[in-house]
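**Q** the following block contains a protein sequence and its predicted model.
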Amino acid sequence: MIASATLDSPLVYTHTESGASEPARLIAEHLRVFCEHYSKPRRQILEPEIMALLGSDAGNVESVVVNDETARNAVAFAMLLPRAVPIPEVAPDPDGEISFDWIGKSGRMFSVSIGADGRISYAGRFGDKSKTHGIEQLSEVCPREILFGIEKALR
């Protein structure tokens, strides 16, 4: 089972495998209700911010406009973040992606950008000699490297 975002419904729970029995359908329904309940506070904050970026650019002539698929992927990514993770700053990137930024003490920071193809690029600076960067693909779980980077930035 995976969670995916749509513009009209921010978190839709779909099945990649299905059970035919009534107990299987009941479990799937309980799981869907739980996911909607769990994500509601974060969704109420981040979804309007992300949707406000549709059609916007980063403010210069060379910027690409944020499209629907990028916004869908950004909402899906935001819903994967654990509730314990602080709400990030959200902004459009010049390449049409949407960035999520966490800024910690002493200049520590961690940034994640997501695009229409579901590619997640991340980079963090935690001090003069401590940096990280990488690329992941949007899936049904938040990549461990991203969670580690957020935690390290906010320590």
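**A** The structure has been received and is ready for your questions.

**Q** in this protein, which spans are helices?
**A** Assigned by DSSP state H, the helices in the chain fall at 22-51, 68-80, 144-154.

**Q** ok, residue 134 - contacts?
**A** By CB atoms under 8 Å, 6 or more residues apart in numbering, residue 134 lies in contact with 121-122, 145. For every residue, glycine as well, the C-beta is placed using N, CA and C.

**Q** circling back to that earlier point, and the helices of the chain, which is most packed in?
**A** Ranked by mean neighbour count under mean count of other CB atoms under 10 Å, the helices of the chain are led by helix 68-80, which reaches a mean of 22.

**Q** just give me how far it sits from the chain centre.
**A** Relative to its chain's centre, helix 68-80 lies at 6 Å (CA atoms, centre = their mean, to the nearest Å).

**Q** now stretch 120-129
**A** For stretch 120-129, the distance to the chain centre is 18 Å (CA atoms, centre = their mean).

**Q** quick one: mean pLDDT for it?
**A** Stretch 120-129 carries an average pLDDT of 95.

**Q** ok, of the helices of the chain, where does mean pLDDT dip lowest?
**A** Mean pLDDT values for the helices of the chain show the minimum at helix 22-51, a mean of 81.

**Q** would you turn the helices of the chain into CSV with distance to residue 57?
**A** Formatted as CSV, the helices of the chain follow (distance: least, CB to CB, whole Å):
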stretch, distance to residue 57
helix 22-51, 15
helix 68-80, 12
helix 144-154, 25
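
**Q** so for residue 112, which of these sits nearest?
**A** Proximity to residue 112 (CB to CB) singles out helix 144-154 among these, at 6.0 Å.

**Q** what does that closest one contact?
**A** Contact with helix 144-154 is made by 82, 85-86, 102-104, 108-110, 112, 120, 122, 124, 126, 130, 132, 134, 136, as judged by CB under 8 Å, 6+ apart.

**Q** now the residues you listed: which count as buried?
**A** Buried by 16 or more other CB atoms under 10 Å: 85, 102, 104, 108, 110, 112, 120, 122, 124, 126, 132, 136, out of the contacts of helix 144-154.

**Q** tell me, what residue is most central in the protein?
**A** residue 77 (2.1 Å; CA atoms, centre = their mean).

**Q** my guess is it meets residue 119, correct?
**A** No - counting by CB atoms under 8 Å, residue 77 sits too far from residue 119 to count as a contact (10.9 Å).
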